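Asker: any chance you could fold what I've pasted below:
(2 chains)
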Amino acid sequence: MPTLRIVTWNINSVRLRLPLLADLVRDLAPDVICLQETKCPDALFPHEGVEALGFPHRAVRGMKGYNGTAILSRLPFSVRADDPDWCARGDCRHLGADLAVPGGLELHNFYVPAGGDVPDREANPKFAHKLDFIAEATAWNAARGPARRAMMLGDLNIAPLESDVWSHRQLLDVVSHTPVEVAALEGWQRAGAWHDAIRHFVPPPEKIYTWWSYRARDWEASDRGRRLDHIWVSQDLAAGLRDWRVHRAARNWTQTSDHVPVLVELDV
DNA sequence: ATGGTTGCGGAGCAA
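Answerer: Numbers count the residues shown, from 1 in each chain, chains lettered A, B, ... in the order given. Have a look, this model is predicted:
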């Protein structure tokens, strides 16, 4: 029974931050890295640099300027070909893989739309897109039944719990923590019977954040963070969870992302 | 209440 270390990171430009990927590999020793916001067309992906870090197996789904996902792996895997094109946009927000481990392991890397600034689906098309995206993913999970030997991770752009934000009261009207978004994310989680792998180790009310705005004068002193990045596992994998890490130190790396890497180690 | 920063791409949009 192999033990895997799997990381999710919204890298916010894979070309700009390729050197930081080396720091991530040094610090976390991952077997699989799932990236979001690579902002890189597939033809321009820095394959050589990633190969040199020890990741011979890669899949990328990128576009010019925005979005983009990638899976970098020490183990072989195949890209899942029949997963949906969410909201029929072809906007590179999901990459599914079947990892070559005994018994198989499904891995879904998501970049959920951020949703703009106004939490109103009529006034703000970006917020409508966010809710529609999650509704489609929820229906997909519901149709497939409870997940088995599967992981679901990525930048979901929602902080569901009061202890996932620096101030529940002050963020109730802020996109990422509104009740309608929280209900949508909880519905998605329920539809797939997903188990929150980070809250498995750190139950509420302990605070956990994975994102701090670039706009803060001193992100560390103000510590106004949100837990936007998540790792969920199917119920049959929950007993295999071994370790976790939110790599807060990465927020102080030179020219870093506003998100930090999140790691889970588990027996699969 | 407002404004604050970053990346892409080379202005303005998205976050």
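Asker: interface residues of chain A facing DNA strand B?
Answerer: Selection of chain A residues close to DNA strand B by Cβ under 7 Å from any atom of the strand yields A:12-13, A:15-16, A:39, A:64-67, A:113-116, A:126, A:213-215, A:255. Where C-beta positions appear, they are placed from N, C-alpha and C, glycine not excepted.
Asker: can you turn the buried part of those residues into a PyMOL selection?
Answerer: Listed next is the PyMOL selection for buried residues among those, using 16 or more other Cβ atoms under 10 Å:
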select buried, chain A and resi 12+39+67+113+114+115+116
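Asker: dump the residue contacts of the closest residue to A:Glu265 other than its chain neighbours.
Answerer: Nearest residue to A:Glu265 in three dimensions, chain neighbours excluded: A:Asp243, at 4.0 Å (Cβ to Cβ, 6 or more residues apart in numbering). A:Asp243 makes contact with A:5, A:201, A:263-265, according to Cβ atoms under 8 Å, 6 or more residues apart in numbering.
Asker: A:Leu171 now?
Answerer: Going by Cβ under 8 Å, 6+ apart, A:Leu171 touches A:159, A:165, A:177, A:226.
Asker: which stretches in the stretch 151-268 of chain A count as helices?
Answerer: Assignment of helices within the stretch 151-268 of chain A using DSSP state H, counting those that start in this stretch yields the ranges A:168-171, A:179-191, A:197-201, A:219-222, A:235-238.
Asker: hmm, who's touching the third one?
Answerer: Going back to what we said before, that points to helix A:197-201. Helix A:197-201 is touched from outside by A:151, A:161, A:208, A:227, A:230-233, A:238, A:241, A:243-244, A:246, A:262, A:264, A:266, with contacts defined as Cβ under 8 Å, 6+ apart.
Asker: can you point out the buried residues in it?
Answerer: A:197-200.
Asker: hmm, which two among those are most spread apart?
Answerer: Farthest-apart pair in those is A:Ala197 and A:Arg199; separation 7.7 Å (Cβ to Cβ).
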